[in-house]
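In: I'd like to go over a predicted model; first the sequence, then the structure.
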Amino acid sequence: MTLRLLVAAAAAVALAGCDDNTRRYALDATPTESAVKVRARVASVLVRAVSLPTYAAAEEIAFQDASGVIKLNKSDLWADEPERATTLLTSRHLNQMTSATVAPQPWPLEETPQATVDIRVEQLVATNRNTLRLSGQYFIGGQEIESYDTDEARPKVARRTIRSRSELFDIEVPLLSAGPSAGQVQG
């Protein structure tokens, strides 16, 4: 759900093309109205720094050539550090989609978060099939907290705020156009 929004935002930038002039592109952080609204089981969520493969974490924008080789475009650069930008974008979209207070790492609020999301991207590239592919794994877990027991004689019991789990994701969406002006995805 959020990862699909991340793919759509990442596709809003140029992912291929060569020119003599260096251009910088930002991930699209324009607020969008998500069709998905989720009532969170926790009040607060920390989004850890998104882990990207080396080529996707580079300043140069990665694309796959006709032979399937992933290359970096030296003329088209990300405007922000890719790991930072994807972490902030994921946090923004989770804030819009859920009832929880969501913030990126490092946690900026006084109270500790009740859950953590950790995203590890295996592939983020504009493919030679004119699609944007995002795949990897995410982990969600809650911290142990003490239950509130008003009876002093009964010990407080540690419990998890949410069940820890791990899920794979593999999203591929068509780009409406190729080259540096590719600004939309289908679906």
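Out: Received, thanks. Here the structure is a predicted model, which is why all the values come from computation and not from measurement.

In: only C-alpha atoms for contact and neighbour calcs from this point on.
Out: Fine.

In: can you pull out the helices in the chain?
Out: Along the chain, counting by DSSP state H, helices occupy 2-10, 54-57, 82-97.

In: Pick out the shakiest of the ones you listed, pLDDT-wise.
Out: Sorting the helices of the chain by mean pLDDT places helix 2-10 lowest, at a mean of 48.

In: Any figure for the gap between Ala115 and Ala40?
Out: Computed as CA to CA, to the nearest Å, the Ala115 to Ala40 distance reads 10 Å.

In: the more surrounded of these two?
Out: Ala115 (24 against 14; other CA atoms under 10 Å).

In: Just give the nearest non-adjacent residue to the more buried one, would you?
Out: Leaving aside its chain neighbours, Ala115 sits nearest to Gly142 (4.0 Å; criterion: CA to CA, 6 or more residues apart in numbering).

In: can I assume that neighbour is in contact with Ser164?
Out: Yes: under the criterion of CA atoms under 8 Å, Gly142 makes contact with Ser164 at 6.5 Å.

In: Looking at these two, which has the bigger crowd around it?
Out: Neighbours were counted for Gly142 and for Ser164 using other CA under 10 Å; Gly142 has more, 21 against 14.

In: where's the more buried one relative to Pro82, distance?
Out: 26 Å.

In: With Thr54 instead?
Out: Relative to Pro82, and taking CA to CA, Thr54 is found at 10 Å.

In: and the nearest residue to Thr116 once chain neighbours are set aside, what are its bridge partners?
Out: Setting aside the residues directly before and after it, Thr116 is nearest to Leu46 in space (CA to CA, 6+ apart), at 4.7 Å. Bridge pairing for Leu46 (DSSP bridges) gives the partners Ala103, Thr116.

In: Thr54 and Pro82: who's more crowded?
Out: For the pair Thr54 and Pro82, the greater number of neighbours falls to Pro82 (23 against 9), based on other CA under 10 Å.

In: Report the contact partners of the closest residue to the more buried one other than its chain neighbours.
Out: Nearest-residue entry for Pro82: Ala57, 5.3 Å, with adjacent residues in sequence omitted and distances by CA to CA, 6+ apart. Neighbouring residues of Ala57 by CA atoms under 8 Å, 6 or more residues apart in numbering: Glu81, Pro82, Glu83.

In: quick one: the last one and Ala49 touch, right?
Out: Yes: counting by CA under 8 Å, Glu83 does reach Ala49; the two are 6.6 Å apart.

In: Between those two, which has more neighbouring residues?
Out: More crowded of Glu83 and Ala49, by other CA under 10 Å: Ala49, with 21 against 17.

In: Next, the contact list for the more buried one, please.
Out: Contact analysis of Ala49 by CA under 8 Å, 6+ apart lists Glu83, Arg84, Thr87, Pro104, Gln105, Asp118, Ile119.

In: Let's have those residues in a markdown table, adding distance to Ala62.
Out: A markdown table is the format used below for the contacts of Ala49 (distance: CA to CA, whole Å):
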| residue | distance to Ala62 |
| --- | --- |
| Glu83 | 14 |
| Arg84 | 17 |
| Thr87 | 18 |
| Pro104 | 25 |
| Gln105 | 25 |
| Asp118 | 23 |
| Ile119 | 19 |
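
In: If anything else comes up later, I'll come back, but that's it for now.
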